[in-house]
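Engineer: the sequence isn't on hand, but the structure is:
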């Protein structure tokens, strides 16, 4: 019996999908759907790499897990998740102007104190966090 999911056969294939999801997020940094797709894919890298324990022991992956599961359940979630204080859309538009590049948007994540210590900041945008997660997995695939 063949294993995998269509063309996704192994952790390298899933990492390629993760890179694709990252590029989509970068091109639309305020799009919650693209952020959701990235963080859910990233959450499952640990499963495909057979290192599920990292989801709770590595602070960056614990944060990723909190975002992925919180998004999946539409809430801050279970008490085992202790990384994210809030996740909000942030958009700025200059009144009366509707042109490409004038509207800025991002997804902002406010971290709980322990996660903030590890990342060195209390607030981080989804693209910046995604780049850290991508680099984490790039070094391990």
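Structural biologist: It's in. Bear in mind the structure is a predicted one, so any value in this text is a computation, not a measurement.
Engineer: so where do the strands sit in this protein?
Structural biologist: Assigned strands in the chain, in chain order: 84-92, 104-111, 123-125 (criterion: DSSP state E).
Engineer: what sits up against the shortest one?
Structural biologist: Translated: strand 123-125. Contact with strand 123-125 is made by 29, 90, 106, 107, 108, 109, 110, 111, as judged by Cβ atoms under 8 Å, 6 or more residues apart in numbering. C-beta here means a position set from N, CA and C on the backbone, and glycine is covered the same way.
Engineer: endpoints of stretch 45-62, how far apart?
Structural biologist: The first and final residues of stretch 45-62 sit 13 Å from each other (Cα to Cα, to the nearest Å).
Engineer: from residue 21, how far off is residue 105?
Structural biologist: Distance, residue 105 to residue 21, by Cβ to Cβ, to the nearest Å: 18 Å.
Engineer: who has more neighbours, these two?
Structural biologist: residue 21 (21 against 13; other Cβ atoms under 10 Å).
Engineer: the residue nearest the centre of the chain: what's it in contact with?
Structural biologist: Nearest residue to the geometric centre of the chain (Cα atoms, centre = their mean): residue 39, 3.3 Å. Each residue near residue 39 by Cβ under 8 Å, 6+ apart is listed here: 64, 67, 68, 71, 126, 130, 133.
Engineer: what about the third one, how many residues close to it?
Structural biologist: Put plainly, it is residue 68. That count, for residue 68 with other Cβ under 10 Å as the rule, works out to 22.
Engineer: ok, it - contacts?
Structural biologist: 36, 39, 40, 42, 43.
Engineer: what's the answer for the fifth one, then?
Structural biologist: Listed by Cβ under 8 Å, 6+ apart, the contact set of residue 126 reads 25, 29, 35, 38, 39, 106, 107, 108, 109.
Engineer: residue 63 and residue 114 touch, don't they?
Structural biologist: No: if you go by Cβ atoms under 8 Å, residue 63 and residue 114 don't touch, sitting 9.9 Å apart.
Engineer: brilliant, that's me finished.
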